[in-house]
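> Sequence first, then the predicted structure, then my questions.
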Amino acid sequence: MPHTIGYVTGTTSDPAHYKFLDVVRNFAVANGWEQLMYDGTSDNRYVFLRGPGLTGNDPVWVGLDTYQSVSSGYYNVAVGVATGYLSSQTYYNQPQMKRIGTPLFYDRIDYWISLNAQRIVFVCKVGQSYYEHGYMGKFIPYCSPLQYPYPVFVG
């Protein structure tokens, strides 16, 4: 299972959480994920990816986007999953998109990222001793495919 470890640094005018989004995007694409949407220039940046799934025939759609408030002092990413991809829709309007925020920072983010064909997982160290995590993708459910036909989790 591919993994990477490193850190990104930033300033309030070029925050580290933007750079972290690019690290995840580049790492996923380099390991078999397909980039479907990407905005690396606006204030709220995003990437939407398609993983092939473990068999190659069971895709998973995940997203990562940034949101921040300089005046309030937060610089976060939201991890998300969707049930498909529609090129006619915006990032936030993908089919049944579910997102959850992960607090990061503008200054320095140490990261540990691991992925396979159906999920992306990361842990980030923010500040001196705060660790945040994110999970987006499929999981192995304890139920039948009829009970849970598209077993995805975002957290």
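Sure thing, it's come through.
> Check which helix or strand the spatially most central residue of the chain maps to.
Central residue of the chain (CA atoms, centre = their mean): Leu64, 3.5 Å from the mean position. Following DSSP states H and E, the helix or strand that holds Leu64 is strand 60-69.
> Mind giving me the packing neighbours of that strand?
helix 16-30, strand 46-51, strand 74-82, strand 98-104, strand 119-126, strand 130-138 (3 or more CB pairs under 8 Å, 6 or more residues apart in numbering; DSSP states H and E). No exception for glycine: its C-beta is placed from N, CA and C like everyone else's.
> residues in contact with the residue nearest to the centre of the chain?
By CB atoms under 8 Å, 6 or more residues apart in numbering, the contact list for Leu64 reads 21, 24-25, 46-47, 49, 77-80, 134, 136.
> Need those residues in JSON lines (columns: distance to Met1).
JSON lines is the format used below for the contacts of Leu64 (distance: CB to CB, whole Å):
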{"residue": "Leu21", "distance to Met1": "21"}
{"residue": "Val24", "distance to Met1": "15"}
{"residue": "Arg25", "distance to Met1": "18"}
{"residue": "Tyr46", "distance to Met1": "25"}
{"residue": "Val47", "distance to Met1": "21"}
{"residue": "Leu49", "distance to Met1": "17"}
{"residue": "Val77", "distance to Met1": "22"}
{"residue": "Ala78", "distance to Met1": "24"}
{"residue": "Val79", "distance to Met1": "18"}
{"residue": "Gly80", "distance to Met1": "22"}
{"residue": "Gly134", "distance to Met1": "16"}
{"residue": "Met136", "distance to Met1": "15"}
